[in-house]
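K.L.:
Kindly generate the corresponding structure for this input.
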Amino acid sequence: MTARAVIRPTFHHFNLKTTRLQALTDWYAAVVGAEVVFQDDTGAWLTNDAANHRIALLAFPGFVDDPDRETRTGMHHSAFEYERFEDLNASYLRLREQGIEPDICIDHGMTLSYYYKDPDGNRVELQVDAFGDWDASKRWMRTSPEFKANPIGVFVDPAKIAERAARSEPFEEIHRRAMAGELSPAQADSQAETAQ
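P.N.:
I've put the predicted structure just below:
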């Protein structure tokens, strides 16, 4: 019997359960530009592109918050990718002005990633590919001794990165400095413990 080829579907959306429907709806609108396609008392369906929805939020009666969510197995985070570093940086600056600060920021080598927490504590990654080319970043992950030695990456301070960007420093140089540890936050050691 011949094995059938896997037909690879495209990821469409994620679904979160919440006790704070409006807070999450507002947060995803502010952070990733999600607009409501439909909302009622039991949920909201949001999109930030042409799809019918990319984020589903359910708020059924009986849901309760889990005080131990950080130590339980399950999804660690969802991620959204920008095409250019300038867009990630502009979003960081816009969100900072609104009082929305990243929880953890890491240069993973293949991506520069800013992790935020939504009002329920779900982690959301905003990232940009450091190579600007998915084939190149995959090749780096597969073959790089640096990635093999440190697959998590280097903790970075987004304010230091934004300062360098404001001086028109090219992203390639910012990325090099980040990976060299020159843009690390003062509390990098405590962040490393939190991420593990």
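K.L.:
In the sheet, which residues pair with the residue sitting nearest the centre point of the chain? Tell me.
P.N.:
Nearest to the geometric centre of the chain sits Glu125, at 0.7 Å (Cα atoms, centre = their mean). Legend: beta-bridge partners of Glu125 under DSSP bridges are Ala79, Tyr115.
K.L.:
Would you map out the domains in this protein?
P.N.:
Here the domain assignment for the chain is 12-62, 76-196, based on automatic domain parsing.
K.L.:
Show me the shaky parts of this protein.
P.N.:
1, 187-196 (pLDDT under 70).
K.L.:
Could I get the full set of helices for it?
P.N.:
21-32, 85-97, 134-143, 145-149, 158-166, 171-179, 188-195 (DSSP state H).
K.L.:
What residues sit buried inside the longest one?
P.N.:
This points to helix 85-97. 85, 88-89, 91-92, 95 (16 or more other Cβ atoms under 10 Å). C-beta coordinates here come from the backbone N, C-alpha and C atoms, glycine included.
K.L.:
Make JSON lines from those and add distance to Asp118 to it.
P.N.:
As requested, the buried residues of helix 85-97 are exported to JSON lines (distance: Cβ to Cβ, whole Å):
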{"residue": "Phe85", "distance to Asp118": "23"}
{"residue": "Leu88", "distance to Asp118": "18"}
{"residue": "Asn89", "distance to Asp118": "21"}
{"residue": "Ser91", "distance to Asp118": "15"}
{"residue": "Tyr92", "distance to Asp118": "16"}
{"residue": "Leu95", "distance to Asp118": "12"}
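K.L.:
for those residues, which one is nearest His76?
P.N.:
Leu88 (19.8 Å; Cβ to Cβ).
K.L.:
isn't that closest one right up against Arg94?
P.N.:
No: counting by Cβ atoms under 8 Å, Leu88 sits too far from Arg94 to count as a contact (10.9 Å).
K.L.:
Double-check Ala51 against His12; I have them as touching.
P.N.:
Yes: with contact defined as Cβ under 8 Å, Ala51 counts as touching His12 (6.6 Å).
K.L.:
could you measure Val154 against Ala56, distance?
P.N.:
In this view, Val154 and Ala56 are 34 Å apart by Cβ to Cβ, to the nearest Å.
K.L.:
Which of these two has more residues huddled nearby?
P.N.:
Ranked by neighbour count (other Cβ atoms under 10 Å), Val154 and Ala56 place Val154 first, with 20 against 17.
K.L.:
quick one: the more buried one from Glu146, how far?
P.N.:
10 Å.
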